[in-house]
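In: Have a look at this prediction, sequence included:
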Amino acid sequence: MHYLPLKPRLQRLYASRSSSEHMRWHYEHRREDSVLYHPSDETACKHFGTKYPEFAAELRNVRLGLCADRFNPYILSSRSYSIWPVVVTPYNLPLEMCMTIPFMFLTCVISGPKNSKNKIDVYLQPLVDELKEL
């Protein structure tokens, strides 16, 4: 497994003038209608905001989305090998920024000859520890 720390990349978002002003977008452009325009408009994000109102009240708090999917790099081979890239995306940014490659942070690459799905919690432990620290 390869782990790439998330904290320095999030710090860079706030250190840069061009991106720091956009890190408040999710707070300043809230939508109350039922139209899903941005990942922060999801029911789960709104539920999180009602469950933790202190967190939701601070506009600089970072909301993150996590995505992991397995693929076999040897498609035409009978080799049993899998790779799991784990990507974290800050949902604070506007839609045209948050779903683009510069703001999709590759944090883990889990690889091995067997399917790692059963041990995914073990592989994600460094990320969980870093998120707890943040």
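Out: That came in fine, so what should we check first?
In: With only the CA atoms kept, save the least confident helix or strand in the chain by mean pLDDT in PDB.
Out: Lowest by mean pLDDT, DSSP states H and E among the helices and strands of the chain is helix 25-28, with a mean of 75. The C-alpha trace of helix 25-28 is given here as PDB (Å, rounded to 0.1, in the frame of the first residue of the first chain):
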ATOM      1  CA  TRP A  25     -18.300  28.300  -1.700                       C
ATOM      2  CA  HIS A  26     -20.400  25.500  -0.100                       C
ATOM      3  CA  TYR A  27     -21.400  27.700   2.800                       C
ATOM      4  CA  GLU A  28     -22.100  30.900   0.800                       C
END
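In: what's it packed up against?
Out: Helix 25-28 is packed against no helix or strand, with contacts defined by 3 or more Cβ pairs under 8 Å, 6 or more residues apart in numbering; DSSP states H and E. C-beta here means a position set from N, CA and C on the backbone, and glycine is covered the same way.
In: Could I get the buried residue list for the very next helix or strand once past it?
Out: Later in the chain than helix 25-28, the nearest helix or strand by DSSP states H and E is helix 43-51. For helix 43-51, burial by neighbour count (16 or more other Cβ atoms under 10 Å) applies to residue 45.
In: Name the residues of the least confident helix or strand of the chain that are buried.
Out: Neighbour-count burial for helix 25-28 [16+ other Cβ under 10 Å]: 25, 26, 27.
In: Assess the claim that the first one and residue 92 are in contact.
Out: Just to be clear, that refers to residue 25. Yes - the pair residue 25 / residue 92 is scored as a contact, 6.2 Å apart, by Cβ atoms under 8 Å.
In: could you pull out the strands for the protein?
Out: Remark: strands assigned in the chain by DSSP state E are 2-3, 64-68, 82-90, 105-112.
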